[in-house]
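**Q** One predicted model, sequence on top.
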Amino acid sequence: MIRYRDRMARGESRTGWLDSRHSFSFADYHDPAQMGFRSLRVINEDRVIPGAGFPAHRHRDMEIITYVLQGALEHKDSLGNGAVIRPGEVQRMSAGTGIVHSEFNPSPTEPVHFLQIWIIPERVGLPPSYEQKAFPASERHGRLQRVADPEGAGGAVIVHQQARLFLGSLGAGEHVEHELAAGRGAWLQVAQGIIAFNGTELRQGDGAAIEDERALAIAAETDAEVLLFDLG
């Protein structure tokens, strides 16, 4: 069974500096039918103007993954971490018992476009932690590359949940397949471009919840980038 999430039906938040689209209920956007999928709780597609961002704020008991599509995002947190996240890099922050962080666009001229993802951890009360790794586009071109995993398999960042995240960068005409193990589900998010997923066209911002399917087929109609969550 595949349930599609149309990009135009997502929640929306706009301020003077932030344009955000919510695949699932978040902040002032609430839809009882869109409260997440399995352990995947939030996918926000955010655009922040130059020099602006989220001031210091607190999180707890959530696995937070940030993936930049265009521009750069500067991160600082109460653990003493400070880094700039750029396209091709994956940041994982385990909020655990509590962490304070800020996220700003450090550019004076260029906007930043990124995805922020929340995954419910397998247990509460974990020690807060942080990890950031680069995954060059050349390594995931034409395939699905594992970038987050509970064991850190293949050099992926470690996420404290039975969830695996794959990134795929496909040229027009290329295709990939993914097989789901019995009992697992998946969420597909189109980050850029146009694809056909099991024969249905999806565009940037579209998503799909997948249950009771074994073979997933993704074909790029244009140059495209996708995120595939394989969820226990």
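**A** Here it is on my side, so go on.
**Q** C-alpha only now, for contacts and for neighbours.
**A** Fine.
**Q** and Ser20, what does it touch?
**A** The contact partners of Ser20, taken as Cα atoms under 8 Å, 6 or more residues apart in numbering, are 12-14, 44-47.
**Q** run the last query once more with 10 Å
**A** Taking Cα atoms under 10 Å, 6 or more residues apart in numbering, we find Ser20 in contact with 10-14, 44-48, 113-115.
**Q** Narrow the residues you listed to those in strands?
**A** Applying DSSP state E to those, the entries found in strands are 11-14, 44-48, 113-115.
**Q** what's in contact with the lowest-mean-pLDDT helix or strand in the chain?
**A** One helix or strand of the chain scores below all others by mean pLDDT, DSSP states H and E: helix 137-140, with a mean of 86. For helix 137-140, contacts defined as Cα under 10 Å, 6+ apart pick out 87-89, 145-147, 166-170, 225.
**Q** that older thread, now the buried members of the ones in strands among the contacts of Ser20.
**A** Taking 16 or more other Cα atoms under 10 Å as the criterion, what is buried in the ones in strands among the contacts of Ser20 is 11-12, 44-48, 113-115.
**Q** State the distance from the spatially most central residue of the chain to Arg41.
**A** Centroid-nearest residue in the chain: Ile117, 4.4 Å away (criterion: Cα atoms, centre = their mean). Distance from Ile117 to Arg41, counting by Cα to Cα, to the nearest Å: 8 Å.
**Q** where do the contact lists of the two overlap?
**A** Joint contacts of Ile117 and Arg41 (Cα under 10 Å, 6+ apart) are 62-64.
**Q** Redo those residues as TSV? Include neighbour count and secondary structure.
**A** Compiled in TSV, those are given as follows (neighbours: other Cα atoms under 10 Å; DSSP: H, G, I helix; E, B strand; the rest coil):
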residue	neighbour count	secondary structure
Met62	25	coil
Glu63	26	strand
Ile64	22	strand
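**Q** Please identify which of these is nearest to Leu202.
**A** Ile64 (25.1 Å; Cα to Cα).
**Q** Once you drop chain neighbours, what's closest to that closest one?
**A** Distances taken as Cα to Cα, 6 or more residues apart in numbering put Trp118 closest to Ile64, at 4.6 Å, once the chain neighbours are dropped.
**Q** Contact partners for the one you found?
**A** Taking Cα under 10 Å, 6+ apart as the definition, contacts of Trp118 comprise 36, 39-44, 62-66, 92-94.
**Q** Hmm, Gly16 is touching Pro50, no?
**A** No: taking contacts as Cα atoms under 10 Å, Gly16 lies outside contact range of Pro50: 11.4 Å.
**Q** Looking at those two now, which is surrounded by more residues?
**A** Set Gly16 next to Pro50 and count neighbours by other Cα atoms under 10 Å: Pro50 wins out with 18 against 8.
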